[in-house]
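K.L.:
Sequence first, then the predicted structure, then my questions.
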Amino acid sequence: MERRFRNIQTEWGFSKCISHATFKDPSNGYLVSDKCIFGVDVYVIKNQGIGECLSSLNDFELYKHEWKISEFTKLKNEVCSEEFTVGDCKWKLLLYPKGNIGQNGQNISVFLESVDAERFDCQKKVKAKFSISIKDRISGKHHKKSGHCCLTGGENWFSAAGDNWGWPSFMPLCELNDPEKGFLVEDCCIVQADVSVVGIVNRLT
């Protein structure tokens, strides 16, 4: 087995190595003339660990980005917003007007993407707290989601392996198209992202 020895854990072993019956049976050769021999093979593994440096930002600022999408009903495929900067990182919004995989045209899908993440090394990642909403310009009761896409209250780590987070079923398409609501006015909708960067992890050099 492979184990780490340190000051708080100086010994490792097996609580049930061999049964007394098997050990004492002369035919097995473990106990001969009331004597036994114990041996151990030890291999020291060079530490291959890579350190990380976590920077928590306690004075982070909340940035609000508004994205106006015109001629919404003419959209067929994925559309993305212009890039915006939060916490020295570049971001953009992704929207699927008919939903992404598995939505079958029933819901719209919306995601926040880190533009920089594709160039991150395997250690670097950025933690962002965010919410996304579609504005109701009639009642003011905006359709907003935050925290549902993760278990940390709207905070997610963005990395090269996971550069976007959001909601595949953000909102039913029938609700967006409801003329009695103000989500789609003159074939235009407004999406707002509230984003703040709360932590950064870099390789420890």
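P.N.:
Yep, that arrived.

K.L.:
And for E82, nearest residue in space, chain neighbours not counted?
P.N.:
Spatial nearest neighbour of E82, excluding adjacent residues (CB to CB, 6 or more residues apart in numbering): K92 at 7.0 Å. For glycine as for every other residue, the C-beta is placed from the backbone atoms N, C-alpha and C.

K.L.:
The one you found bridge partners, please.
P.N.:
Going by DSSP bridges, K92 is paired in beta bridges with E113.

K.L.:
Looking at it now. What's its pLDDT?
P.N.:
K92 is assigned 97 on the pLDDT scale.

K.L.:
Q48 now?
P.N.:
For Q48, the pLDDT comes out at 57.

K.L.:
what residues are up against the residue nearest to E82?
P.N.:
By CB atoms under 8 Å, 6 or more residues apart in numbering, the contact set of K92 is 80-84, 112-113, 115.

K.L.:
most neighbours, which of these?
P.N.:
L112 (25 neighbours; other CB atoms under 10 Å).

K.L.:
wait, doesn't that residue sit right on K129?
P.N.:
No - between L112 and K129 no contact is recorded; they are 10.6 Å apart, counting by CB atoms under 8 Å.

K.L.:
residues bridging contact with the two, i.e. touching both?
P.N.:
Joint contacts of L112 and K129 (CB under 8 Å, 6+ apart) are V195.

K.L.:
related to what we said a few turns ago, can you give me the distance of the residue nearest to E82 to N164?
P.N.:
9 Å (CB to CB, to the nearest Å).

K.L.:
shared neighbours of these two, anything?
P.N.:
112-113.

K.L.:
okay, and for this structure, where does confidence drop off?
P.N.:
Where the chain drops to pLDDT under 70, the residues are 1, 8, 47-60, 147-154, 204-205.

K.L.:
any chance you could map the helices in it?
P.N.:
20-24, 173-176 (DSSP state H).

K.L.:
contact partners of the first one?
P.N.:
Residues outside helix 20-24 that contact it (CB under 8 Å, 6+ apart): 28, 30-31, 36.

K.L.:
redo that, cut-off 10 Å
P.N.:
The contact list for helix 20-24 (CB atoms under 10 Å, 6 or more residues apart in numbering) reads 17-18, 28, 30-31, 36.

K.L.:
same question, the last one
P.N.:
Taking CB under 10 Å, 6+ apart as the criterion, the residues outside helix 173-176 that touch it are 72-73, 97-99, 103, 105-108, 134, 143, 170, 181, 183-184, 189.

K.L.:
Name the residues of that helix that come out as buried.
P.N.:
Residues of helix 173-176 classed as buried by neighbour count (16 or more other CB atoms under 10 Å): L176.
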